[in-house]
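**Q** what follows is a predicted structure for the sequence shown.
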Amino acid sequence: MDKFDRPRQRLFLQGLYDAYPEELTNEQLEELLSSFPDEKVTTANLLYLEKHGLIFSGLQEGAVGYHLVNRPAITHKGIDFIRDDGGLGAILNVQTVKFHDSTITALEDIIRVANLPDEKKSGLISKLRELPSDAIKHLTLQLLTKGVLNLPAALPIIEKFLRSV
């Protein structure tokens, strides 16, 4: 039997989630703790979940091992884990990617030198300027991929650039 049994851990987290924001009752705590085969395995799992930031274990280290001095409680990370939706962390931890004006200018320059009618070039540049940043990022990555796939043709350009830097 695996000491770190995922279904038992999930059951324990679910019990804390269901009780939140209240503390577990004595009966609830006993029921959850009894799902583990022995005290050593219980302690190991509570510490494991705590080290991952999913719970406050309520354990305190003493002279002869750990003792439960407070009732375990679920953390915000534990709630997000149980909900399995990324939680507020997914919303609050959004990273912004900024593109320099030079990136957009470089894309415009590529369009300007393309063998296309001026009317079509103007339309493409206009649409490019209206694109949100994630679309520009996607376009830039697509162009980079095409460049890598045609690496033999791109190598002289890369070499020329690296020599000039």
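**A** Yep, that arrived. This one's a predicted model, so the numbers in the text were calculated from it and none came from an experiment.
**Q** quick one: low-confidence parts of the chain?
**A** Scanning the chain for pLDDT under 70 picks out the ranges 94-100, 154-155, 161, 165.
**Q** let me know the outermost residue of it.
**A** Distance to the chain centre peaks in the chain at residue 117, reaching 44.4 Å (criterion: C-alpha atoms, centre = their mean).
**Q** okay, now the domains of this protein?
**A** 6-92, 101-164 (automatic domain parsing).
**Q** distance check, residue 27 against residue 80.
**A** Note on residue 27: its distance to residue 80, by C-beta to C-beta, to the nearest Å, is 27 Å. Just so you know, the C-beta spots here come from the backbone N, C-alpha and C atoms, and that holds for glycine as well.
**Q** the two: who's more crowded?
**A** residue 80 (16 against 8; other C-beta atoms under 10 Å).
**Q** how about residue 15: what's its closest non-neighbour residue?
**A** Excluding the flanking residues, the one nearest residue 15 by C-beta to C-beta, 6 or more residues apart in numbering is residue 32, at 4.5 Å.
**Q** contact partners for that neighbour?
**A** Counting by C-beta atoms under 8 Å, 6 or more residues apart in numbering, residue 32 touches 11-12, 15-16, 24, 72.
**Q** could you export those residues as a markdown table, including secondary structure, neighbour count and distance to residue 1?
**A** Shown next, in a markdown table, are the contacts of residue 32 (DSSP: H, G, I helix; E, B strand; the rest coil; neighbours: other C-beta atoms under 10 Å; distance: C-beta to C-beta, whole Å):
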| residue | secondary structure | neighbour count | distance to residue 1 |
| --- | --- | --- | --- |
| 11 | helix | 14 | 15 |
| 12 | helix | 24 | 16 |
| 15 | helix | 19 | 20 |
| 16 | helix | 25 | 23 |
| 24 | coil | 21 | 25 |
| 72 | coil | 24 | 22 |
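**Q** including distance to residue 45, could those residues go into CSV?
**A** Listed next are the contacts of residue 32 as CSV, based on distance: C-beta to C-beta, whole Å:
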residue, distance to residue 45
11, 11
12, 7
15, 13
16, 12
24, 15
72, 10
